[in-house]
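> Please find the sequence and the predicted model below.
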Amino acid sequence: MERLSTKKSPLNRNLIAEELSNAVDLALQYVDRWAESELIHITVHKKTPVLLPIKKGFFTGYYYIKYENDFWSVYSLGKELIRAFTSKHSAIAWCFTMQLNNIKLADEILNCDERLGRILIEIQHYQNSIEKCNDSIKQEILEMRKKNSVEQAKSIKSRLIKNINRAKYLKIPQWKN
């Protein structure tokens, strides 16, 4: 009597591995969709700010924050760009204050961040101009302008940090079950 082979062919093993991989991928997609819908339910319906790291940034309830091209871009849940910030802390604080409906503080954070961004670009411009300039009088003028801009940047940055700290200690509405 001839013995039958019980060895599985490599073709069957590859097919089973591929089917198993597809099943795992589908399960992961389902869990990701479920987790995102639960987070939206908690943050939107219960109005509780949440900060969660995601692949390339943060999820803060109503908004996604991603680091792109030296800026922190804030996107709506519909993936539309809303604002760009110079710092991660400014972007997060703005998202929280908007979610808690503290528009005045959110506008103050946005205003300080925009002004700081403009002044930092100005400082970089003065630095580049100083390096290229051969005239000592023009260099002195540019140095004074740069020094003035640095002082303005320090003042605005301290004001921005103060507003971010105010945003940290906002009262968050209690959960109502």
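All right, it came through fine.

> Pretty sure residue 61 sits against residue 99.
Yes - contact status for residue 61 versus residue 99: in contact at 5.1 Å, counting by CB atoms under 8 Å. (Each C-beta comes from the backbone N, C-alpha and C, glycine too.)

> Could you export stretch 64-80 as CSV, CA atoms only?
C-alpha atoms of stretch 64-80 as CSV (Å, rounded to 0.1, in the frame of the first residue of the first chain):
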residue,chain,number,x,y,z
TYR,A,64,-5.6,67.4,13.5
ILE,A,65,-2.2,69.0,14.0
LYS,A,66,0.6,68.0,11.6
TYR,A,67,4.2,69.2,11.3
GLU,A,68,4.8,70.4,7.7
ASN,A,69,7.4,72.6,6.1
ASP,A,70,8.7,74.1,9.5
PHE,A,71,5.2,74.9,10.6
TRP,A,72,2.5,73.2,12.7
SER,A,73,-0.6,73.0,10.4
VAL,A,74,-4.1,72.7,12.0
TYR,A,75,-6.7,70.8,10.0
SER,A,76,-10.4,70.3,10.6
LEU,A,77,-11.9,66.8,10.9
GLY,A,78,-12.8,67.2,7.2
LYS,A,79,-9.0,67.5,6.5
GLU,A,80,-9.2,71.2,5.5
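
> any residues touching it, and which ones?
With contacts defined as CB atoms under 8 Å, 6 or more residues apart in numbering, stretch 64-80 is touched by 40, 54, 56-59, 62-63, 81-88, 90-92, 94-95.

> before we move on, what about stretch 149-162?
By CB under 8 Å, 6+ apart, stretch 149-162 touches 90, 109, 112, 113, 115, 116, 119, 120, 122, 123, 126.

> Mind checking which of the residues you listed are in helices?
90, 109, 112, 113, 115, 116, 119, 120, 122, 123, 126 (DSSP state H).

> Most neighbours of all those, which one?
residue 109 (28 neighbours; other CB atoms under 10 Å).

> Now do that residue, the pLDDT please.
As predicted, residue 109 sits at a pLDDT of 96.

> Distance check, it against residue 92.
Distance, residue 109 to residue 92, by CB to CB, to the nearest Å: 10 Å.

> what helix or strand does the residue nearest to the spatial centre of the chain sit in?
Per CA atoms, centre = their mean, the C-alpha nearest to the average position across the chain is that of residue 65, at 2.6 Å. Using DSSP states H and E, residue 65 falls within strand 63-68.

> Direction included, what does that strand pair against?
Here strand 63-68 is paired, per DSSP bridges, with strand 57-59 (antiparallel), strand 71-76 (antiparallel).

> among those strands, which is the most enclosed?
strand 57-59 (a mean of 19; mean count of other CB atoms under 10 Å).

> who touches that strand?
Here strand 57-59 has contacts from 39, 50, 51, 52, 53, 64, 65, 66, 67, 72, 88, 92, using CB under 8 Å, 6+ apart.
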